[in-house]
Structures are given as C-alpha cells and as structure tokens.
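Trainee: curious how this folds, go ahead:
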Amino acid sequence: MRLETERLILRPMEEGDAPALFTIMNDPDVTHNLLLPHPFPEDQVLAWITKRREAWEKRVLFAAAIILKETGELIGTCSLTDVSWDHLRAKLIYWLGKPYWGRGYMTEAAGRMMKFGFEELGLERISVGCFARSKASARVIEKLGFKYEGCLRHEFLKDGEFQDELRFGMIREEYVAVNSDQ
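Mentor: Residues are numbered from 1 along each chain as shown. Down below sits the predicted model:
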C-alpha cells in the first residue's frame with residue numbers, strides 16, 4: 001500500500017527505515033510531546049518497525065513512514081492506531097523530524113491518512129489527541145477540521161510530570177462536509 005500527496009508518500013515502514021527513524025526518535029525536541037521513551041534504544045528500532053508491519057498485516061494499526069517525494073527521505077510517521085472494526089474507529093497519531101516542522105508536511109500527511117481511514121477503510125470515527133503544551137500539534141488538528149471534545153487532565157506521566165491531553169474527534173459526516181468541495 002502506498003498513499004500519495006502532492007509532496008509526500010506514506011507507506012508501511014521497512015527495515016531500511018531504521019537509521020532515519022532512530023535519529024528522529026532520539027531528538028529530545030521531537031519526543032518532548034510524545035509517549036516514545038527517550039532515549040529510544042537503537043537495538044529496539046527494528047523490533048519496533050517489525051511490530052508495526054505485523055499489526056498492519058492484521059489490520060489493527062496502519063503505521064506509515066512519511067517520505068518526501070523530492071528526495072526519498074523519511075521525515076516522520078503518521079498512523080491510524082487502536083483500530084476497532086467492531087466500532088469502525090481509529091486514533092490518528094503522528095510525529096515529524098524537527099528539520100521539517102512548520103512546512104505543512106504533517107497537515108498534508110495526516111489529511112491523507114484521514115482520507116485512507118474514512119474513504120478506503122470505511123471508518124466512522126477518527127480521534128486524535130495531543131499534550132496540552134503542544135500548540136503546533138493542536139494547530140495541525142484544528143486545520144484538519146477535528147472538533148475539540150475535551151481535556152483529559154493528568155492523562156500521561158512524561159519525564160516525571162503529568163500532562164493533560166486535549167482530545168479531538170471527527171465522524172464520517174464531518175469529514176465529508178469538510179472535504180466535499182475539494
């Protein structure tokens with residue numbers, strides 16, 4: 001499976017992605033607002049990739065590497081996780097290497113992953129969350145048209161501090177309304 005946008009390719013992760021993923025996963029500025037452990041052990045990256053590839057085959061997690069079309073460079077990940085076929089829902093998660101922040105890549109990648117979820121997988125609902133302190137992530141979520149659903153106070157313990165999680169959701173009807181004129 002390969003999803004494309006104007007500037008990006010989203011595809012299942014491959015073993016050869018390990019060095020680029022390891023670099024991004026070990027940037028403290030990237031992991032500051034993620035649940036990834038820091039530092040991420042280098043000897044665990046291949047297992048991390050394998051687990052996601054196996055989950056893709058089982059259709060319970062669709063974890064895609066984000067590749068720049070122009071250079072072939074891996075710049076981040078965008079995934080539909082916690083897929084429930086009983087309830088036709090999933091959660092959107094993503095992260096991007098710091099050199100690529102502020103260029104609209106994540107909005108582009110996440111928008112394509114949403115299209116995959118709603119139009120190709122037939123999901124009814126996609127949710128997404130971010131730490132309350134992650135203003136950039138909240139902006140991406142709002143640009144994509146998600147509706148704010150609430151704040152889960154002290155939802156995660158990250159680096160010894162409790163973090164509130166802002167939660168957003170979108171149902172198929174809202175996705176169609178936002179995307180009908182595109």
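
Trainee: what is the subsequent helix or strand relative to the top helix by length along the chain?
Mentor: If each helix of the chain is counted by residues according to DSSP state H, the longest one is helix 45-58. Per DSSP states H and E, the first helix or strand lying C-terminal to helix 45-58 is strand 62-68.

Trainee: coming back round to it: elements contacting the longest helix of the chain?
Mentor: Applying 3 or more CB pairs under 8 Å, 6 or more residues apart in numbering; DSSP states H and E, one finds that helix 45-58 contacts strand 8-12, helix 18-25, strand 62-68. C-beta: built from backbone N, CA, C; applies to glycine.

Trainee: looking at the ones you listed, which is buried most?
Mentor: Highest mean neighbour count of the helices and strands packed on helix 45-58: strand 62-68, a mean of 23 (counted as mean count of other CB atoms under 10 Å).

Trainee: averaged pLDDT, whichever helix or strand comes after that strand. What do you get?
Mentor: For strand 62-68, the following helix or strand on the C-terminal side (DSSP H and E) is strand 74-84. Averaged across strand 74-84, pLDDT comes to 98.

Trainee: so who does the residue nearest the centre of the chain touch?
Mentor: Per CA atoms, centre = their mean, the C-alpha nearest to the average position across the chain is that of Y94, at 2.2 Å. Each residue near Y94 by CB atoms under 8 Å, 6 or more residues apart in numbering is listed here: G76, T77, C78, S79, M106, A109, A110, M113, V140.

Trainee: now it: how far from E173?
Mentor: As judged by CB to CB, to the nearest Å, Y94 and E173 stand 23 Å apart.

Trainee: what of I49?
Mentor: For I49, the distance to E173 - CB to CB - is 35 Å.

Trainee: please identify which of the two sits among more neighbours.
Mentor: Between I49 and E173, I49 has the larger neighbour count (other CB atoms under 10 Å), namely 20 against 9.
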